[in-house]
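Chemist: Return atomic coordinates for the entry below.
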Amino acid sequence: MKSNRRVDTKPELALRRALHGLGYRYRKDFRLDLDGGVRVRPDIVFTARKVAVFVDGCFWHCCPEHGSQPASNTWYWEPKLRRNVDRDRAADAALDQAGWTVMRFWEHESIESAVAEVVGVLASGKARPEPGREEPEPGREEPEPGREEAVPGGGS
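Modeler: I've put the predicted structure just below:
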């Protein structure tokens, strides 16, 4: 099981590339310490908008459409997979209670539909921004404090 990736899976990378290509900036695998000592590591986090995105693998998170139960060593796999699902529900509840918008996608879902859903939530304002913070517009990054933006044609 050492070779099973926790981060940077192919579906996660595809979603991140698509969002980045549209100009969205985010944090990946960013640990959130919530009330009650709950720690959550969403795959993609939009911190200013309080949106947490997860890309769940069909096997590891028991997809109702593609998830399969191993025929051998059921004494090990059944409780392990059940714990994964229980942990997902607990993380969703803790994030929701802390004011986060939680989005979960299965690895088999199309990237286009997942991107459209994430962009829709970010653009609609259904996401819950932190007080006093605004997410920069897609494609436009805010300059670092103390640094001026370069003006095209205005060289020095």
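
Chemist: Please, which helix or strand holds the residue positioned nearest the centre of the chain?
Modeler: Centroid-nearest residue in the chain, with Cα atoms, centre = their mean: V53, separated by 2.3 Å. Counting by DSSP states H and E, the element that carries V53 is strand 51-56.

Chemist: For that strand, name the packing helices and strands.
Modeler: helix 10-21, strand 44-46, helix 74-97, strand 101-106, helix 111-124 (3 or more Cβ pairs under 8 Å, 6 or more residues apart in numbering; DSSP states H and E). Bear in mind the C-beta positions are built from the backbone N, C-alpha and C, glycine included.

Chemist: And the pLDDT for H66?
Modeler: H66 is assigned 77 on the pLDDT scale.

Chemist: so it touches C58, yeah?
Modeler: Yes: the criterion here is Cβ atoms under 8 Å, and H66 meets it with C58 at 3.9 Å.

Chemist: on that earlier part again, leaving out chain neighbours, which residue sits closest to the residue nearest to the centre of the chain?
Modeler: Nearest residue to V53 in three dimensions, chain neighbours excluded: I44, at 4.0 Å (Cβ to Cβ, 6 or more residues apart in numbering).
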